[in-house]
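*Asks:* quick one, structure for this:
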Amino acid sequence: MAKQLLGKEVTAALNEKIKVRAAGLQEKGITPTLGIIRVGENGSDISYEKGATKRCETLGVSYVKFLLPEDVSETELLEVVDKVNKDDTIHGVLLFRPLPKHLNQTLIENALDPAKDVDCMTDGSMAGVFTGKQIGFPPCTAQACMEILDHYGIDCTGKKAVVVGRSLVVGKPAAMMLIKKNATVTICHTRTENMPSVVREADIIIVAAGRAGVVDDTYLRAGQTVIDVGINVNEEGKLCGDVDFARAEPIVDAITPVPGGVGSVTTSVLVGHVVEAAARKTTI
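*Replies:* Model (predicted):
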């Protein structure tokens, strides 16, 4: 049976570090603050917002909300982004996406100051991930994968790693972050030939395919560590990952469950990025 890499353990350790760091900034008269920009009343956005604000409250981070109607104009939204860019009391910004179709999402994302981009919305932040420079912040979900590996002492140096999925939200950034940890990385996608044999060669697997149970026992062997980023709803209405957990867990050495794995770490990573943004501001 595989060791389950539980997100709650990672989150607890992260939260303690964030709380101490936020308190240190408070002593210097700086209150780390998250600006939340939400357009419309999307249920999943509201749910994530509640989790983020609750985590902020428990860790000593403040927040301010900018709630806009679904039919907000592009000009009005850009004015809000400009306002948070210029507000020195706001250190990080969470802009909920996707935006309504009448808005130019790429334009609006890139209007945000990369220094306040705590979830890698801007091209500047993405450039930071790919170049290794301190520009903005990596995507919270990709960073959560790295935090799990670090917490459980999984050394990536010299290991073969496979990332299943090539999105800019998880796949490509996660691959770059694994390279930074000295892994040798392969990215698999829908056009990869004989994908099970490629994945079987890996020591570390991050699965962000967006399809329930796409990775099963035919992809796996003993000795592997599997990080499952997927969040899907199966035919029984239960949450499940992109990995067939029941078939994977008896084979591999370690695996994240869904729910209770990567997703539970992401919110703490977001709040940690806000605190880091505030700390960087003090050194300018």
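*Asks:* quick one: contacts of stretch 266-281?
*Replies:* With CB atoms under 8 Å, 6 or more residues apart in numbering as the test, stretch 266-281 has contacts from 11, 14-15, 17-18, 21-22, 25, 30-34, 48, 51-52, 55-56, 59, 61, 88, 91-92, 94, 115-116, 118-119, 134, 137, 140-141, 143-144, 147. Every C-beta, even on glycine, is put in place using the N, C-alpha and C of the backbone.
*Asks:* now with 7 Å?
*Replies:* 11, 14-15, 18, 21-22, 25, 30, 32, 34, 51-52, 55-56, 59, 61, 91-92, 94, 115-116, 118-119, 137, 140-141, 143-144, 147 (CB atoms under 7 Å, 6 or more residues apart in numbering).
*Asks:* who are the contact partners of the nearest residue to Val275 once chain neighbours are set aside?
*Replies:* Spatially, and ignoring its direct neighbours in sequence, Val275 is nearest to Pro32 (4.7 Å; CB to CB, 6 or more residues apart in numbering). Residues near Pro32 by CB under 7 Å, 6+ apart: 22, 25, 61-62, 91, 274-275, 278.
*Asks:* just the ones of these in strands?
*Replies:* Ser62 (DSSP state E).
*Asks:* reformat the contacts of Pro32 as JSON lines; add pLDDT and neighbour count.
*Replies:* Compiled in JSON lines, those are given as follows (pLDDT from 0 to 100; neighbours: other CB atoms under 10 Å):
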{"residue": "Ala22", "pLDDT": "98", "neighbour count": "24"}
{"residue": "Leu25", "pLDDT": "97", "neighbour count": "19"}
{"residue": "Val61", "pLDDT": "98", "neighbour count": "27"}
{"residue": "Ser62", "pLDDT": "98", "neighbour count": "18"}
{"residue": "His91", "pLDDT": "98", "neighbour count": "29"}
{"residue": "Val274", "pLDDT": "98", "neighbour count": "29"}
{"residue": "Val275", "pLDDT": "98", "neighbour count": "28"}
{"residue": "Ala278", "pLDDT": "97", "neighbour count": "24"}
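*Asks:* among the contacts of Pro32, which one sits closest to Tyr219?
*Replies:* Val274 (36.6 Å; CB to CB).
*Asks:* still on that earlier bit, restricted to helices, list the contacts of stretch 266-281.
*Replies:* Residues of these located in helices (DSSP state H): 11, 14-15, 18, 21-22, 25, 51-52, 55-56, 59, 140-141, 143-144, 147.
*Asks:* in the stretch 151-284 of the chain, which spans are helices?
*Replies:* In the stretch 151-284 of the chain, the helices defined using DSSP state H, counting those that start in this stretch lie at 171-180, 195-200, 245-248, 263-283.
*Asks:* turn those helices into CSV, columns for distance to Leu103.
*Replies:* Shown next, in CSV, are the helices of the stretch 151-284 of the chain (distance: least, CB to CB, whole Å):
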stretch, distance to Leu103
helix 171-180, 24
helix 195-200, 36
helix 245-248, 38
helix 263-283, 23
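*Asks:* closest one to Ala208 among the ones you listed?
*Replies:* Using CB to CB, the nearest of the helices of the stretch 151-284 of the chain to Ala208 is helix 171-180, at 5.2 Å.
*Asks:* what's the closest one in contact with?
*Replies:* 120, 129-130, 132, 138-139, 142, 145-146, 156, 161, 163, 165-166, 185, 187, 206, 208.
*Asks:* quick one: buried residues of it?
*Replies:* 171-178 (16 or more other CB atoms under 10 Å).
*Asks:* any idea how far Gln143 is from Tyr63?
*Replies:* Going from Gln143 to Tyr63 by CB to CB, to the nearest Å gives 20 Å.
*Asks:* alright, calling it a day.
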